[in-house]
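**Student:** coordinates only, sequence not included:
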């Protein structure tokens, strides 16, 4: 009865779009086709009716409908985009690009202002259509990405567009924008790196390999692109392929320190110490590749092999050539400590500090040596001297606080913390320590003070997570640990704490998820993480193994 009434009203009021739409919604598919055929005659300017009719027709009839729609409404872009999608659905690749190109010209000839932003939104819409219209998306991007953009602004604008649409999940649109950018700027390594990052995150390994092959052919002197290509081969388990890429990289960049060290790392991490030694020996003999890092890596190989004499020889010669490279002083001092030569280690650290007075790790190592030798007063004096030479350095204040804590001088530690916060009032490192050191009833107020000062610092966030954990507020603790690893995913200590937390209060699935995310983040920092990962006994261990060892470190040892 309702359908009959609606149809009767249509004949009486045949220009009513709302009535036609209501009738179509109530009709079967065959009846809807008939109604829409009449509707577009009565309401020819309503694009929605034309598009609905085209969807119900066969391919050939749909083309005719869309052609009539363009004639009736020559200023509406959605008709052209629907036509492009129609051709894409039929596999007519060339027609898709032709239709979008004609659309822009036709719309402009009818006085339509082509909005670049609006059309890029249409490209995203085509990508999200069901089924996705990827060719239409790419054709739209190709035609409109350069509209209204000054030539000198193109690279910056296009890369910004690609990053923005990728953040919205429109990966094909971002890929198309990067494609247009690379076509215009094939010699710019930064564009290739950004496109490769997109493929690494959202594409397949094959697509990434192909992109990086093109990248190094256009930018053979861009070492970072060669290294990315080699690393992807290595991660895929193709060590010979990685070697071949690095051989090509050597040919293009014979003096590159980074390429030499990448070749060394490939062999070293794949348990080929003799190959690694040979590469580093060649690098040390090269006038351009014989750098401080090459000498340091050479010493690391001998350290892991347990060859202390060779390690000392390399470090001595390395320091003679590069007397301001602090890492070799640190390694040599640690070697002397390992062999029980306290006075020799003291001299090494002293020499390093004279040459590298701004190096915090050397000051801390020298102070710790004195503390372990029973000279706590000398350790205090060294750290005070370090703070004088390097003011407003939170790491030095923390080292002094920890020294007093280990000596059992709680009051002195608290006084140093107060002075440290005066000197570095925005240090998350010190505020995190302040929360941990506060008596239990005062920790919440101390956390509140820290959040008022620096509410988005990962050290503070992790300390608050620890506070909620101690109070058994499980959901809040989980939320704050998640926030900490999001703010700084490169700190392995946070991942280890979160892994331990999930082991106590989560499920095996949630703990496994934390482990997987940590592996993806590949952390390199954190005081406990560095203590564990730099231990020669843990050389070449994967992230998941290191993470579990850091948990053990948390359970069994005080902070460094």
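**Tutor:** It's in. Everything quoted here is computed from the prediction, not taken from an experiment.
**Student:** List the buried residues in stretch 465-472.
**Tutor:** Within stretch 465-472, the residues scored as buried using 16 or more other Cβ atoms under 10 Å are 465, 466, 467, 468, 469. Heads up, the C-betas are built off the backbone N, CA and C, glycines and all.
**Student:** tell me, which helix in the protein spans the most residues?
**Tutor:** helix 93-109 (DSSP state H).
**Student:** Beyond that helix, next helix or strand please.
**Tutor:** Proceeding N to C from helix 93-109, the next assigned helix or strand is helix 116-128, under DSSP states H and E.
**Student:** which other residues reach that following helix?
**Tutor:** Defining contact as Cβ atoms under 8 Å, 6 or more residues apart in numbering, one finds that helix 116-128 is touched by 77, 81, 85, 132-134, 136-138, 140-141, 143-145, 147-149, 161, 165, 168, 170-173, 176.
**Student:** Make TSV out of the buried residues of stretch 465-472 and add distance to residue 391, secondary structure and pLDDT.
**Tutor:** Output for the buried residues of stretch 465-472, formatted as TSV (distance: Cβ to Cβ, whole Å; DSSP: H, G, I helix; E, B strand; the rest coil; pLDDT from 0 to 100):
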residue	distance to residue 391	secondary structure	pLDDT
465	31	helix	97
466	29	helix	96
467	30	helix	95
468	34	helix	96
469	35	helix	97
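**Student:** Closest to residue 184 out of those?
**Tutor:** Comparing the buried residues of stretch 465-472 against residue 184 with Cβ to Cβ places residue 465 closest, at 46.6 Å.
**Student:** surely the closest one meets residue 480?
**Tutor:** Yes - here residue 465 lies in contact with residue 480, judged by Cβ atoms under 8 Å, at a distance of 3.5 Å.
**Student:** Dihedrals phi and psi, the closest residue to residue 47 other than its chain neighbours?
**Tutor:** Excluding its sequence neighbours, the residue lying closest to residue 47 (Cβ to Cβ, 6 or more residues apart in numbering) is residue 76, at 4.9 Å. Backbone torsions for residue 76, taken as degrees, to the nearest 10, come to phi -100, psi 120.
**Student:** Check residue 76 and give its pLDDT.
**Tutor:** Looking at residue 76, its pLDDT reads 89.
**Student:** quick one: the closest residue in space to residue 123 that isn't next to it in sequence from residue 526, how far?
**Tutor:** In space, and not counting its chain neighbours, residue 123 is closest to residue 140: 4.1 Å by Cβ to Cβ, 6+ apart. Separation of residue 140 from residue 526 (Cβ to Cβ, to the nearest Å): 46 Å.
**Student:** Which helix or which strand is home to residue 177?
**Tutor:** Residue 177 is part of helix 171-184 when elements are defined by DSSP H and E.
**Student:** so that helix versus helix 116-128, what angle?
**Tutor:** Interaxial angle, helix 171-184 versus helix 116-128 (axes from the mean of the first three to the mean of the last three Cα atoms, to 10 degrees): 120 degrees.
**Student:** Give the buried residues for the helix or strand harbouring residue 388.
**Tutor:** Element membership of residue 388 [criterion: DSSP H and E] is helix 376-389. For helix 376-389, a neighbour-count test (16+ other Cβ under 10 Å) marks 376, 378, 379, 380, 382, 383, 385, 386, 387 as buried.
**Student:** what sits against the third one?
**Tutor:** Okay, so that is residue 379. 367, 368, 370, 371, 403.
**Student:** got it, and the first one?
**Tutor:** Listed by Cβ under 8 Å, 6+ apart, the contact partners of residue 376 are 370, 403, 407.
**Student:** Could you do residue 93 as well?
**Tutor:** If you count contacts by Cβ under 8 Å, 6+ apart, residue 93 has them with residue 135.
**Student:** Same question for the one 10 residues further on.
**Tutor:** Residue 103 sits next to 77, 80, 81, 84, 143 when contact means Cβ under 8 Å, 6+ apart.
**Student:** Helices of the stretch 151-300 of the chain, start to end?
**Tutor:** Assigned by DSSP state H, counting those that start in this stretch, the stretch 151-300 of the chain shows helices spanning 154-167, 171-184, 189-202, 205-218, 223-235, 239-252, 257-269, 273-285, 292-305.
**Student:** closest to residue 71 out of these?
**Tutor:** Going by Cβ to Cβ, the one of the helices of the stretch 151-300 of the chain nearest residue 71 is helix 171-184, 30.1 Å.
**Student:** Now find how far off-centre that closest one is within its chain.
**Tutor:** 19 Å (Cα atoms, centre = their mean, to the nearest Å).
**Student:** So which bits of that helix are buried?
**Tutor:** Those would be 171, 172, 173, 174, 175, 176, 177, 178, 179, 180, 181, 182, for helix 171-184 by 16+ other Cβ under 10 Å.
**Student:** Now the fourth one: closest residue in space, sequence neighbours ignored.
**Tutor:** To tie it back to what came earlier, the one meant is residue 174. Excluding the flanking residues, the one nearest residue 174 by Cβ to Cβ, 6+ apart is residue 166, at 4.0 Å.
**Student:** What distance do you get for the one you found to residue 209?
**Tutor:** Relative to residue 209, and taking Cβ to Cβ, residue 166 is found at 20 Å.
**Student:** which stretches of the stretch 351-500 of the chain have low pLDDT?
**Tutor:** For the stretch 351-500 of the chain, no stretch is flagged by pLDDT under 70.
**Student:** Before I go, just wanted to say thanks for your time.
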